[in-house]
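S.K.: Prediction below, plus the sequence it came from.
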Amino acid sequence: MELTFAPDVKNNMYTHTQLVIFDLIFRYSYLIIFPLVVFEGPIVTIIAGFLVATGFLDFIPAYLTIVTADLMGDVLYYSAGRWWLKSVTDKIFSFFKISIKKVKKFETALKNNQGKVLFFGKLSHALGAGILFAAGSAKVPFNEFLGFNLLATLPKSLILLGVGYYFDSTFYFYCGALKFILFNYSIG
C-alpha cells in the first residue's frame, strides 16, 4: 500500500501504524470533517480553517463540506422539533417549569418573524439549537427554514474558517517569538 501524506508528515519518527492513520486522515479528511461539523460545527470549522492555512485541506472543498454538514445538523434539530421529540419536550418543559403557553407564544412569534429569528438565531451559537428546534415545532415550512439557514450559514462558516486561518498565522508568529525568547534566555 502506497501512503500519501501532507509534505511535513514524512519522516522517520512515526511508527507504521501512525503513518497509516495519518494517511487515512489525509485521504478522507472531508469525510471525517462532515460528521464532526454536523455535531459540533463551530469548533471543527475553526480547526478546518487552521488546516486550510497549513495546506492540509483545500479551501473550496472544506467550505462546501462545512456548509453542507452544518445545514445537515440544522435539519436534524428541525426534524427533532417537528416530528421526533414532541412528547419528550413537553416533559422537559414541565421539568424546568416552562409553561406550554410561553412555548406556544414563542412559536407564534417565530412564525410571524421567521426570517429574522432564524437568521440571527443561527448566528448566535448559544440560542441556535433551541431556535432551530422551535422552528420545527412551530412547523415553519421546510424550504423557508432551509433558505434562511443557508443565508446565515454561508457567512458564519466563512468567518469561522477565517478565524482558524488567522489562528494559524498567529500561532506560528507566537511560536517564533517564543523560540526567540527561549533562545535568548538560554544564551543569557
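M.R.: Sure, I can see it. Residues are numbered from 1 along each chain as shown.

S.K.: what's the following helix or strand after the lowest-mean-pLDDT helix or strand in the chain?
M.R.: Using mean pLDDT, DSSP states H and E, the weakest-scoring helix or strand in the chain turns out to be helix 86-95, at a mean of 69. Proceeding N to C from helix 86-95, the next assigned helix or strand is helix 100-112, under DSSP states H and E.

S.K.: Now that next one: buried residues?
M.R.: For helix 100-112, the neighbour count (16 or more other CB atoms under 10 Å) marks V103, F106, E107, L110 as buried. Every residue, glycine included, has its C-beta placed from N, CA and C.

S.K.: Also stretch 144-154?
M.R.: For stretch 144-154, burial by neighbour count (16+ other CB under 10 Å) applies to F145, L146, F148, N149, A152, T153.

S.K.: Spatially central, which residue of the chain would that be?
M.R.: By CA atoms, centre = their mean, the chain has its centre lying nearest to G41, at 1.3 Å.

S.K.: which ones are touching W83?
M.R.: G136 (CB atoms under 8 Å, 6 or more residues apart in numbering).

S.K.: Ok, T45 next?
M.R.: With CB under 8 Å, 6+ apart, T45 has these contacts: V37, I66, D70, S157, L160, L161, G164.

S.K.: In this structure the first one contacts L71, no?
M.R.: No - using CB atoms under 8 Å, V37 is not in contact with L71, being 9.8 Å away.

S.K.: Could I get the full set of helices for this protein?
M.R.: Applying DSSP state H to the chain gives helices spanning 16-27, 29-39, 41-54, 59-79, 86-95, 100-112, 114-123, 125-137, 142-187.

S.K.: among those helices, which is the most enclosed?
M.R.: helix 41-54 (a mean of 21; mean count of other CB atoms under 10 Å).

S.K.: per-residue confidence averaged over it?
M.R.: Across helix 41-54, the average pLDDT comes to 88.
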